[in-house]
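**Student:** Attaching a predicted model along with its sequence, questions to come.
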Amino acid sequence: MRIEECPYPARAWRGDVLIAESGACLSLEEEGEPAVLYFPAGDVRTRHVGDEPGLLTTVTEPPARLGRLRGYGTFDPDRVRVELVDERPGDDPRDVTVKQFPTWGDASHLVDMLDVRREGDRRFVAVTRSDGRRPVVEGSQMLGQAIVAACRLVPERRVVSAHMLFLRGADARRPLEIELEERSTGRTFASLRADVLQGGRGVASGTLLLGTVAPDVIAHQAQPPGVAGPYESEPYDMAVTGRDIRVVDGAYTNDPGAPVGPPVIDAWVRFRQVPPDPALHAGLLAQFTGHMSIAAAMRPHAGVGQDQAHRTLSTGINAINISFHREVRADRWMLYHHRSTFAGEGMTHAECRVHDEDGELLASFTVEAMVRPFPQGTGPVDERTAL
């Protein structure tokens, strides 16, 4: 259990009426449970809550472990919408977004998960995080963690490419272990095998190539798609503060009833603050590669959407292959261009690119995924899928 100061201004709404606003909230986190936000009593507009029993629960005589919450109150999440204003001092107004609470967490938590801890010559441990809603580790997160581990093992080279297969679901409530094996090491390149384990059982496996940078002999690159920029695109709330996502033309949606369109989704992504460590920047780029390719495959098909995933449809990422072309700055806008080139026989394939705001090609990646009905008589509880 942790009680922490919330670093973001918070607001609470009852319908369209603002009933609380504060820059001094406290967040209570318990492992495997959604976080709870507490407002100082003085920042609650009591005239709007006094006539509704249970709308606001105020802490008056807390046990010792909750003593810090004395004089704070929390709202009934079924009747009150709580949101965080994702901003930093001095922000351009265009950079300010709103995230509905409870969030999964903050970009700093993503950085912490990717910043793997070395526990042996070639063994690393990664922390995990769960809010209890669906405690499954994303495959692209494990890919990002393996990339960071490889860069820690061979610090004099940068990652050139990585390929990973996702063998079975991993529990976000338990730590992950990453074991690296050197396959070859030369003056220019090093190749590694990476195995991700949980409780001694393999959940993902792949290979990585690291190399040194050399002067150009020839040079060209794929051009970026001619799409709207980040500030002309629609903000999307993916429940992570400190990370901005802007979707071109609002094309990313979970709604099966959304209008159909081409099998393409373009999204701008930026992390507000990232330590000056190239491995973490590369890992963060990789971490987002598993987020939207299945949605791109679903987009041309009426009546199918990601809301059905893990309910009536068994979906998951089976493999990601990524090539890095330049040094990455994840704290600057990155345009992820997702194009699904095939969907059929229960599988989808996507060919994707990542450009910076100047149009430079940072990375290319492909995603193999599945979209299948649950076998008759089974459902989400019985799902056996690579995730």
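**Tutor:** Received the coordinates, thanks.
**Student:** what about the strands in the stretch 251-387 of the chain?
**Tutor:** Using DSSP state E, counting those that start in this stretch, the strands of the stretch 251-387 of the chain run over 264-271, 313-324, 334-344, 347-356, 361-373.
**Student:** and the direction of the first one versus that of strand 347-356, what angle?
**Tutor:** Right, the one you point to is strand 264-271. 50 degrees (axes from the mean of the first three to the mean of the last three Cα atoms, to 10 degrees).
**Student:** now swap in the last one and tell me
**Tutor:** Regarding strand 361-373 and strand 347-356, their directions subtend 160 degrees when assessed with the same axes, to 10 degrees.
**Student:** just the second one next, same as before
**Tutor:** Our comparison of strand 313-324 with strand 347-356, counting by the same axes, to 10 degrees, yields an angle of 40 degrees.
**Student:** Only alpha carbons, please: show strand 313-324 as PDB.
**Tutor:** Provided in PDB are the C-alpha atoms of strand 313-324 (Å, rounded to 0.1, in the frame of the first residue of the first chain):
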ATOM      1  CA  LEU A 313     -12.900 -12.500 -29.600                       C
ATOM      2  CA  SER A 314      -9.500 -14.000 -28.800                       C
ATOM      3  CA  THR A 315      -6.900 -11.500 -29.800                       C
ATOM      4  CA  GLY A 316      -3.200 -11.100 -29.100                       C
ATOM      5  CA  ILE A 317       0.200 -10.200 -30.500                       C
ATOM      6  CA  ASN A 318       2.200 -13.300 -31.500                       C
ATOM      7  CA  ALA A 319       5.400 -11.700 -32.800                       C
ATOM      8  CA  ILE A 320       7.000  -8.300 -33.300                       C
ATOM      9  CA  ASN A 321      10.000  -7.600 -35.500                       C
ATOM     10  CA  ILE A 322      11.600  -4.100 -35.200                       C
ATOM     11  CA  SER A 323      14.500  -2.400 -36.900                       C
ATOM     12  CA  PHE A 324      16.000   0.800 -35.500                       C
END
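**Student:** Can you point out the buried residues in it?
**Tutor:** 313-324 (16 or more other Cβ atoms under 10 Å). Using the backbone N, CA and C atoms, a C-beta is placed for each residue, glycine as well.
**Student:** need the residues you listed in a markdown table with distance to G200 and pLDDT, can you?
**Tutor:** As requested, the buried residues of strand 313-324 are exported to a markdown table (distance: Cβ to Cβ, whole Å; pLDDT from 0 to 100):
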| residue | distance to G200 | pLDDT |
| --- | --- | --- |
| L313 | 31 | 88 |
| S314 | 26 | 88 |
| T315 | 27 | 91 |
| G316 | 22 | 92 |
| I317 | 23 | 96 |
| N318 | 23 | 97 |
| A319 | 23 | 98 |
| I320 | 24 | 98 |
| N321 | 27 | 98 |
| I322 | 27 | 98 |
| S323 | 32 | 98 |
| F324 | 31 | 98 |
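**Student:** between the residues you listed, which is nearest R168?
**Tutor:** Checking these against R168 with Cβ to Cβ, the nearest one is G316 at 9.9 Å.
**Student:** Run through the bridge partners of that closest one.
**Tutor:** M370 (DSSP bridges).
**Student:** so it sits right up against F166, yeah?
**Tutor:** Yes - using Cβ atoms under 8 Å, G316 makes contact with F166 at a distance of 7.2 Å.
**Student:** In the protein, which helix is the longest?
**Tutor:** As assigned by DSSP state H, the longest helix anywhere in the chain is helix 139-153.
**Student:** what helices or strands is that one leaning on?
**Tutor:** With contacts taken as 3 or more Cβ pairs under 8 Å, 6 or more residues apart in numbering; DSSP states H and E, helix 139-153 sits against helix 107-114, strand 123-126, strand 158-166, strand 176-185, strand 189-198, strand 201-211, helix 278-287, strand 313-324.
**Student:** one step back: output the buried residues of strand 313-324 in a markdown table, with distance to D131 appended to each entry.
**Tutor:** Shown next, in a markdown table, are those (distance: Cβ to Cβ, whole Å):
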| residue | distance to D131 |
| --- | --- |
| L313 | 23 |
| S314 | 22 |
| T315 | 20 |
| G316 | 20 |
| I317 | 20 |
| N318 | 25 |
| A319 | 27 |
| I320 | 24 |
| N321 | 30 |
| I322 | 27 |
| S323 | 33 |
| F324 | 30 |
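**Student:** With distance to A302 added, can I get the strands of the stretch 251-387 of the chain in TSV?
**Tutor:** Supplementary listing: the strands of the stretch 251-387 of the chain in TSV, determined by distance: least, Cβ to Cβ, whole Å:
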stretch	distance to A302
strand 264-271	17
strand 313-324	15
strand 334-344	14
strand 347-356	17
strand 361-373	15
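**Student:** Just say which of the ones you listed is most tucked in.
**Tutor:** Among those, ranked by average contacts under mean count of other Cβ atoms under 10 Å, first place goes to strand 264-271 (a mean of 24).
**Student:** Packing partners of it?
**Tutor:** For strand 264-271, the packing partners by 3+ Cβ pairs under 8 Å, 6+ apart are helix 107-114, strand 243-247, helix 293-298, strand 334-344.
**Student:** Kindly export stretch 286-293 (C-alpha atoms) in CSV.
**Tutor:** Only the C-alpha atoms of stretch 286-293 are listed here, as CSV (Å, rounded to 0.1, in the frame of the first residue of the first chain):
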residue,chain,number,x,y,z
ALA,A,286,9.3,-0.5,-28.8
GLN,A,287,6.8,-0.6,-25.9
PHE,A,288,4.1,1.2,-28.0
THR,A,289,4.5,-1.1,-31.1
GLY,A,290,1.9,-3.6,-29.9
HIS,A,291,-0.9,-1.1,-29.2
MET,A,292,-2.7,-0.3,-32.5
SER,A,293,-1.9,-2.8,-35.2
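**Student:** If anything else comes up later, I'll come back, but that's it for now.
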